[in-house]
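J.: Okay, structure incoming, though there's no sequence with it:
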């Protein structure tokens, strides 16, 4: 290869590299060792908790509403936001004399 063809070849390579940078840039990737990446990843499990509230009322719905409000109050006093919780179950029983007792379980997850 003559000196002039080597210079032309080098000039062409520089021109192509410059064009690549101007058009779209150069992408590069680096691989990390398999063990290093795995040691840096952590499995994050959501925090879950169940709160139970009780209530009394002169109708089943009034007793359930009281129990649900009590469960939300307990959850919020423990630092949980209401939008992270939902009512999982309720139970209503007649205690006699037109009075009902209810229990509400509130499931919270963050």
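T.: Sure, I can see it. Given the structure is predicted, the values throughout are model-derived calculations rather than measurements. Numbers count the residues shown, from 1 in each chain.

J.: Could you use CA atoms for every contact and neighbour count after this?
T.: Will do.

J.: all strands of the protein, in order?
T.: Using DSSP state E, the strands of the chain run over residues 48-57, 85-96, 99-109.

J.: which residues are contacting stretch 61-69?
T.: Contacts with stretch 61-69, where a contact means CA atoms under 8 Å, 6 or more residues apart in numbering, come from 52-57, 87, 90-92, 100-106.

J.: Give me the buried positions along it.
T.: 62-69 (16 or more other CA atoms under 10 Å).

J.: So residue 84 versus residue 52, what's the distance?
T.: From residue 84 across to residue 52, the span is 15 Å (CA to CA, to the nearest Å).

J.: An error on my part: the question was meant for residue 63.
T.: Distance, residue 63 to residue 52, by CA to CA: 14 Å.

J.: got it, and residue 83?
T.: Distance check for residue 83 against residue 52: by CA to CA, it reads 17 Å.

J.: Next: residue 46.
T.: Computed as CA to CA, the residue 46 to residue 52 distance reads 20 Å.

J.: Check residue 60 too.
T.: For residue 60, the distance to residue 52 equals 17 Å [CA to CA].

J.: hang on, the earlier thing: okay, residue 46 and residue 52: which has more neighbours?
T.: Neighbour totals were compared for residue 46 and residue 52, and residue 52 leads with 19 against 8 (other CA atoms under 10 Å).
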